[in-house]
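In: Next input, structure requested:
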Amino acid sequence: MQRGGSVYILTTANRRVLYTGVTSDIVKRISEHKLKIHPNSFTARYNCTMLVYYNSFSRIEEAIAEEKRIKAGSRQQKEQLINAVNYEWRDLWDDIMKEW
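Out: Predicted structure coming up:
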């Protein structure tokens, strides 16, 4: 059985820090970031709790490849990716909760 996945970008309230991640369960993973379940993690230390970008794939391997592509890009490329789907950089958490 194939399992899908999602790639996502989190940021801080002031948009200074970007974090790119991949997961097979986006609702669970983003809630872990928001609740700071792992207090010593990068996202908890830098308070990256705003979901500003996500993209879902039918296969986790596709999501992993996209995460690697995004991470290899510059900050400017990441900002362009976010702006293309979320120009206001609003937290997309509520959108995710409505979809799932």
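In: which secondary structure element contains residue 22?
Out: Taking DSSP states H and E as the criterion, residue 22 maps to strand 18-23.
In: helices or strands up against that strand?
Out: strand 5-11, helix 60-72, helix 75-85 (3 or more CB pairs under 8 Å, 6 or more residues apart in numbering; DSSP states H and E). Quick note: C-beta positions are derived from backbone N, CA and C, even for glycine.
In: next structured bit after that strand?
Out: Following strand 18-23 in sequence, per DSSP H and E, is helix 26-35.
In: what does that following helix rub up against?
Out: 6, 8, 10, 21, 23, 38, 43-44, 48-49, 51, 54, 56, 93, 96-97, 100 (CB atoms under 8 Å, 6 or more residues apart in numbering).
In: Just say which of the helices and strands packed on strand 18-23 is most tucked in.
Out: strand 5-11 (a mean of 23; mean count of other CB atoms under 10 Å).
In: now that strand and helix 75-85, what's the angle there?
Out: Per axes from the mean of the first three to the mean of the last three CA atoms, to 10 degrees, the angle that strand 5-11 makes with helix 75-85 is 110 degrees.
In: Could you spell out the sheet neighbours of strand 5-11, each with its direction?
Out: strand 18-23 (antiparallel), strand 50-57 (antiparallel) (DSSP bridges).
In: In the longest one, which of the residues would be classed as buried?
Out: For strand 50-57, burial by neighbour count (16 or more other CB atoms under 10 Å) applies to 50, 51, 52, 53, 54, 55, 57.
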